[in-house]
Each structure stands twice: as C-alpha cells, then as structure tokens.
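Asker: quick one: sequence and predicted model below, then my questions.
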Amino acid sequence: MTATFTQADILTFAQWMTGDYSNWDQAIANPPLFAHIRVCIRPLPNQLSDHGIWLYSEQAYDFQIDRPYRIAVLHLVLAADRIEIENHKLNDEESFYGAARQPERLAAITAASVVKLPGCNILVDRTPTGSFVGKIEPGKKCNVHRKNQDTYLVHEFELNQTNLTTLDRGYDPETDERVWGTIAGPFEFVKQASFADEVKAI
C-alpha cells in the first residue's frame, strides 16, 4: 500500500521512533544467532534545517554501549505526501560516541557536521494495522564498504509505539550475492525508554 502522509503523521513517526531499544528477549532466546544489541534514537536539540525533524541514532553491543558500531543522523521529511528518511554521515563521529544517552552533547551537531549519503533514503509507508514500515530506495546505490569489499545495502524496518524490527544486509553489486547481514531473520527491538516528549513539532 502507499499511504498519504501529513505533518501530523511525520510528528507521530518521530515520536514513535525515538527511544532506547533492546533486543534482550531475542538475544537470550537464541544467543548463537543474535547478539544483545542496543539502539538509541534521540531528537537533535537544534534542528539543522527549516523543515522536517532531525534525529541522532546509535547502535551498539550492550557490553560496549559507549562504543557504537553504527552512528547516523536521520532527517525525516515529507516529500510528495510521503515520509522519507534521509541518511547522513556524521563527521568526526567518534567524538559523539555515547551522546544518545548524554543529549546535552548533541547540541554540538550542526549542518556542517553532517554529509548526506546518496542513494540511502528510506521510503516510509504505513500498514493497515497502523505501524510504519520502510525500505531503502531502489537502485542499489547505498554503498557500504564492509568485509573488505564494496556492497550495497538492503534495509527494511517496521515500527509501532513499542517495537522496532530491522533487517540489514549487504550484497555484492556485481553478483547480487549476500556478503554480510543476518541469516536468521530481523532484529526485534523493544523500547525501554521513550524520548517522544523531546520531539519538537514542525
């Protein structure tokens, strides 16, 4: 399905997305296949443009929560009545390690601190049950260098008020064979804390 979104929908989406998540239940049920991962998504205190909503995201192993292996700055925008997530790389990202849980540090992020990643927009839709779902834009152009080779990212997610399910895999651009990513299915995160009250209305 293809939903038509309003400014109210993008605000709801941002409020649902922000939070501190854990896949503890999944990890403890099947430790050989799923590590215990923490995802923390927080609104930036200073919006970097005059439209949309900006979020900061960290993903880390629970035992290295202050050393995230993935950081992103996300710009939620309304484009042609559809929500899109524009993915950005953060310059000097190591200096922000752990900032998702120390939000006062996020004030140092400015428009000059981020670089948009081409081909990496996520297109968001809504299911009949009300949850949000997203997939990376078509074209195989979101490049990720991992395991000593270039790959293109295939990403999808589903989000409701309490749960976030994500699936990330990388594929060889020449053969379309999977190079990295889970073979056991998506990660299933449960929200441990919400930061919805920090999301600023557009």
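Answerer: Thanks, I have the structure now.
Asker: wait, residue 155 sits on residue 165?
Answerer: No: applying C-beta atoms under 8 Å as the test, residue 155 and residue 165 come out as separate, 11.8 Å apart. In this view, the C-beta of every residue, glycine as well, is placed from N, C-alpha and C.
Asker: partner strands of the helix or strand of the chain with the lowest mean pLDDT and their direction?
Answerer: Across the helices and strands of the chain, mean confidence by mean pLDDT, DSSP states H and E is lowest for strand 143-146: a mean of 90. With DSSP bridges as the test, strand 143-146 is paired with strand 149-159 (antiparallel).
Asker: in the strand it pairs with, what counts as buried?
Answerer: The neighbour-count check on strand 149-159 (16 or more other C-beta atoms under 10 Å) flags 151, 152, 153, 154, 155, 157, 158, 159 as buried.
Asker: what average pLDDT does that strand get?
Answerer: The pLDDT scores in strand 149-159 average 95.
Asker: ok, residues contacting that strand?
Answerer: 13, 16-17, 120, 122, 127, 131-136, 140-145, 164-173, 179-181, 186 (C-beta atoms under 8 Å, 6 or more residues apart in numbering).
Asker: could you measure from the closest residue to residue 62 other than its chain neighbours over to residue 177?
Answerer: Leaving out its chain neighbours, the residue that sits closest to residue 62 by C-beta to C-beta, 6 or more residues apart in numbering is residue 36, at 4.2 Å. Using C-beta to C-beta, to the nearest Å, one gets 29 Å for the distance from residue 36 to residue 177.
Asker: more neighbours: which of these two?
Answerer: Between residue 36 and residue 177, counting by other C-beta atoms under 10 Å, residue 36 is the more crowded of the two (15 against 8).
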